[in-house]
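In: Give the three-dimensional model of this entry:
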Amino acid sequence: MTTTTLAALVPLLPFLGAVAGLLLGRTAPGFVRPLAVLPPLASLVLAALVAARQGGGRVIDAYTLLTPTGSVPVDLALYVDGFAALVAILVAFVATCVQIYSTGYLRDDPRYPSYAALVSLFTSAMLLVVYSGDLIVLLVGWEVMGICSYFLVGHYWGTPEARAASLKAFLVTKLGDVPFLIGLFALGTDAGSFRITRVLGAVASGGLDHPTLIALLLLAGVAGKSAQFPLHTWLPDAMAGPTPVSALIHAATMVAAGVYFVARLLPVFEASAAAMTVLAVMAAVTMLGSGLAALAQDDIKRVLAYSTIGQLGYMTGALAVGDRGAAVFHLLAHGAFKALLFLAAGAVIHAAGTNSLAAMSRMSHLRDRVPDAFWTMTVALLALAAIPPFSGFFSKESVLGAAERLATGHPGPAPGAAGWIVLVAALATALLTAAYATRLWLLAFRGRGAEAPEHGRQPLTMTVVLWVLAVPSLAFGALAYRTLPEWFDGGSLAPTLLTSILGTGLAVVGGLLVYGAWQRAAARTPRVPLGAVAAHPEGDAGLVEAEAIAAHEPAYGDIAEAPDPADPGRLLLGPLYGPAAAGFHLDAVYSALFVRPVLGAASLVRFLDREVVDTYVRGAAALPRLLGAAVRRAQTGNVQTYVSALLAGTVVLTVAVLLVASGA
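Out: Below you'll find the predicted structure:
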């Protein structure tokens, strides 16, 4: 079988699994789990074969005309380079882990068949984005992911939080997709083709007439899809969906699509210094804002959501300084440890008995109750905090090194100011990342909240997946930074001495600050005796999530008197804690700037339509209606009246004629 055929099967198999799952979900429920797990697993094997054959060398470029358009044709094309080969493995690997984990996590969920089918469709759409060699075909996968996220985030559609979150995710990403679509059409028109190879060729030959405009339009879509400032507000709210969905969206699909798109078309953005500067500023604001917000969140999944936003900021920062190898390296490493963080959080949520939006202040004694989640999450948090030798250290240092090289005068495709912007923001974010990672670990596993009743052991499928993901979280970085350059552009990904010392030192300082603040807060906050905790019946984790969200309360029952948690974030942030916890009130700002004016304009239009336009219409109809009423009164139905009126009219006419004649 040719490599091209294998590559075509990689996105096709999950799509066929999704169709079969939707058709057989009710009639043959026994096939649901095999149809959920086997297609992404087969895609993983095929993606690995494609990568082995591609080997980081010759690009696989095959196409056939999909449809003639009369101007710029649309091709069904494959474009598999080193970036695409490795990202496809990541997508298939994380999707397989999520599907296996979900068989235990949602084992009693009545909507599991549709959930599993949508996850497969989500996977297929992302793989289409990764392998597509035509921008219009890529757009199809891009938009299918949007609708899949809408349904999956709203999986618990019976709760208002899930409904609102799914709608918000859909609308905010669509807000970015409108300029993104215009940018794609403008790019295809300038290049004379939607084929990625021809677009890159046009850029190399200076064939783009409007590079800055095109790049900025495309960045709007990237900001929406990859949750970058200012279109990032949908991602924390999307935590109302099932936890495995969060792992899939944050680690391998949806938010990774925007970063991958910029990496694939980086020369288009490099053609405009203004666009690269805008990208650098966007990355810097995203990194710093999300780090502060994560340090103030009480819900464990919202901490991880803001963490994803910040780590995506690292990737866009690497792209802003022109190093897509560092960006994709961090994308690969982040995919492993972020999937592990969310899936371990799912185990913690189940053990804590809290709802899907799990408050860390209510967690207690979880280290001994979920040892697998404790150890694997500890590994993932160390990788997130970029502590050597965990994978996040090597990938994050590649970003810092790229920014440092541009900032210190090495020639690059972006202005030197972009390097300084990214470097300073990334170093500050390294401190914040270690701080909120330490805070999460302390509050979740050494917390002083209410202790929930025992829910039993986690299903084996959940536990196995955690340990599988722990391996790349620990070992991937040290192996990858030596071998990945030959798959990418050949640039060095090795850590540099200066940024390694600065980044690691700031991470250690951030962790120590939080630990010291936690000790101080614990000393000042004596433990308050708790009232009785009502036992929650042992059951499936997914059902615990759904029932708890619906109740708007912790699933483990009523607490007579909850303690004031020893939250180090509150001490460290001080007066900034409130705004950071609220996401710096960006939703309120957007409501004041956009939502309220639109609603006001709609009310004005409704008033004008009802009180002005309808008044003219009613006025135009009033005179005929009055005349009709007068004529209707004359129609009495009495023949004598009619004859009398006729005679009277005859007399009047006769008199009028005589008067006219006598006057003449």
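
In: so where's the stretch 201-350 of the chain uncertain?
Out: Along the stretch 201-350 of the chain, no part satisfies pLDDT under 70.

In: redo that, cut-off 80
Out: 350 (pLDDT under 80).

In: next one: the stretch 51-200 of the chain
Out: The model of the stretch 51-200 of the chain has pLDDT under 80 over residues 67, 69-70.

In: ranges for the helices of it?
Out: Listed in chain order, the helices of the stretch 51-200 of the chain (DSSP state H, counting those that start in this stretch) span 82-105, 112-131, 135-153, 160-191, 196-204.

In: Now render those helices as CSV, adding mean neighbour count and distance to Val595.
Out: (C-beta placed from N, C-alpha, C; glycine too.) Below are the helices of the stretch 51-200 of the chain laid out as CSV (neighbours: other C-beta atoms under 10 Å; distance: least, C-beta to C-beta, whole Å):
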stretch, mean neighbour count, distance to Val595
helix 82-105, 26, 34
helix 112-131, 27, 29
helix 135-153, 22, 19
helix 160-191, 20, 11
helix 196-204, 19, 37
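
In: For Val424, find the nearest of the ones you listed.
Out: The minimum distance between Val424 and the helices of the stretch 51-200 of the chain falls on helix 160-191, with 26.6 Å, by C-beta to C-beta.

In: which strands and helices sit next to that closest one?
Out: helix 135-153, helix 196-204, helix 211-225, helix 234-237 (3 or more C-beta pairs under 8 Å, 6 or more residues apart in numbering; DSSP states H and E).

In: Same list as before, those helices that is, but in TSV and with distance to Met315 included.
Out: Formatted as TSV, these follow (distance: least, C-beta to C-beta, whole Å):
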stretch	distance to Met315
helix 135-153	17
helix 196-204	20
helix 211-225	11
helix 234-237	15
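
In: Now the host helix or strand of Val657: average pLDDT?
Out: Using DSSP states H and E, Val657 falls within helix 639-663. Averaged over helix 639-663, pLDDT sits at 84.

In: list the buried ones in it?
Out: For helix 639-663, a neighbour-count test (16 or more other C-beta atoms under 10 Å) marks nothing as buried.

In: what do you get for stretch 626-643?
Out: Buried residues in stretch 626-643, defined by neighbour count with 16+ other C-beta under 10 Å: none.

In: Now that stretch - C-alpha only, CSV.
Out: What follows is stretch 626-643, C-alpha atoms only, in CSV (Å, rounded to 0.1, in the frame of the first residue of the first chain):
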residue,chain,number,x,y,z
LEU,A,626,-63.5,55.0,6.9
LEU,A,627,-64.9,55.3,3.4
GLY,A,628,-65.8,51.7,3.5
ALA,A,629,-67.6,52.1,6.8
ALA,A,630,-69.6,55.1,5.4
VAL,A,631,-70.6,53.1,2.3
ARG,A,632,-71.5,50.1,4.5
ARG,A,633,-73.9,52.2,6.5
ALA,A,634,-75.8,53.1,3.3
GLN,A,635,-76.3,49.5,2.5
THR,A,636,-79.4,48.9,4.7
GLY,A,637,-81.1,46.2,2.6
ASN,A,638,-84.4,48.1,2.5
VAL,A,639,-85.7,48.5,-1.1
GLN,A,640,-87.8,51.5,-0.2
THR,A,641,-84.7,53.3,1.0
TYR,A,642,-82.9,52.5,-2.1
VAL,A,643,-85.8,53.8,-4.3
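
In: any idea how far it is from the chain center?
Out: Distance of stretch 626-643 from the chain centroid (C-alpha atoms, centre = their mean, to the nearest Å) equals 73 Å.

In: what about the nearest residue to Glu161 once chain neighbours are set aside, how many residues close to it?
Out: Using C-beta to C-beta, 6 or more residues apart in numbering and skipping residues adjacent in sequence, the residue nearest Glu161 is Ala240, 4.4 Å away. Neighbourhood size, Ala240 [other C-beta atoms under 10 Å]: 28.

In: shift numbering so it begins at 83
Out: Sure, I'll start numbering at 83, so the last one becomes Ala322.

In: Of all the helices of the stretch 133-282 of the chain, which one comes closest to Leu542?
Out: Per C-beta to C-beta, nearest to Leu542 of the helices of the stretch 133-282 of the chain: helix 164-187, 7.2 Å.

In: sorry, back to before: tell me which of the helices and strands packed on helix 242-273 sits nearest to Thr545.
Out: In terms of C-beta to C-beta, the element of these nearest to Thr545 is helix 217-235, at 23.4 Å.

In: Run the angle between the closest one and helix 242-273 for me.
Out: Computed by axes from the mean of the first three to the mean of the last three C-alpha atoms, to 10 degrees, the angle separating helix 217-235 from helix 242-273 equals 180 degrees.

In: Please enumerate the strands of this protein.
Out: Remark: strands assigned in the chain by DSSP state E are 142-149, 156-162.

In: contacting residues around the residue nearest to Arg280 when sequence neighbours are not counted?
Out: Closest residue to Arg280 apart from its sequence neighbours, by C-beta to C-beta, 6+ apart: Ala273 at 5.9 Å. Counting by C-beta atoms under 8 Å, 6 or more residues apart in numbering, Ala273 makes contact with Arg280, Val281, Gly283, Ala284, Val285, Gly289, Leu290.

In: try 10 Å this time
Out: 154, 217, 280-285, 287, 289-291, 296, 350 (C-beta atoms under 10 Å, 6 or more residues apart in numbering).

In: cool, Phe666 as well?
Out: With C-beta under 10 Å, 6+ apart as the criterion, the residues that contact Phe666 are Thr315, Gly371, Leu374, Ala375, Ala378, Leu658, Gly660.

In: Report pLDDT for it.
Out: Reported pLDDT at Phe666 in the predicted model: 94.

In: picking up where we left off before, for the residue nearest to Arg280, give its distance to Ala357.
Out: According to C-beta to C-beta, to the nearest Å, Ala273 stands 16 Å off from Ala357.

In: before we move on, what about Leu282?
Out: In terms of C-beta to C-beta, Leu282 sits 16 Å off from Ala357.

In: and if you look at Phe676?
Out: 24 Å.

In: Run a quick neighbour tally on the nearest residue to Val385 once chain neighbours are set aside.
Out: Closest residue to Val385 apart from its sequence neighbours, by C-beta to C-beta, 6+ apart: Gln379 at 4.6 Å. Neighbour count for Gln379, taken as other C-beta under 10 Å: 26.

In: Surely Gln379 touches Gly665?
Out: Yes - counting by C-beta atoms under 10 Å, Gln379 does reach Gly665; the two are 9.1 Å apart.

In: list the residues that contact both of those two?
Out: Counting by C-beta under 10 Å, 6+ apart, the residues touching both Gln379 and Gly665 are Pro318, Tyr388.

In: List the buried residues for stretch 299-318?
Out: Of all the residues in stretch 299-318, those buried under the rule 16+ other C-beta under 10 Å are 299-318.

In: do the same with stretch 93-110
Out: Residues Pro93, Leu94, Leu95, Pro96, Phe97, Gly99, Ala100, Ala102, Gly103, Leu104, Leu106, Gly107 are the ones in stretch 93-110 that count as buried (16+ other C-beta under 10 Å).
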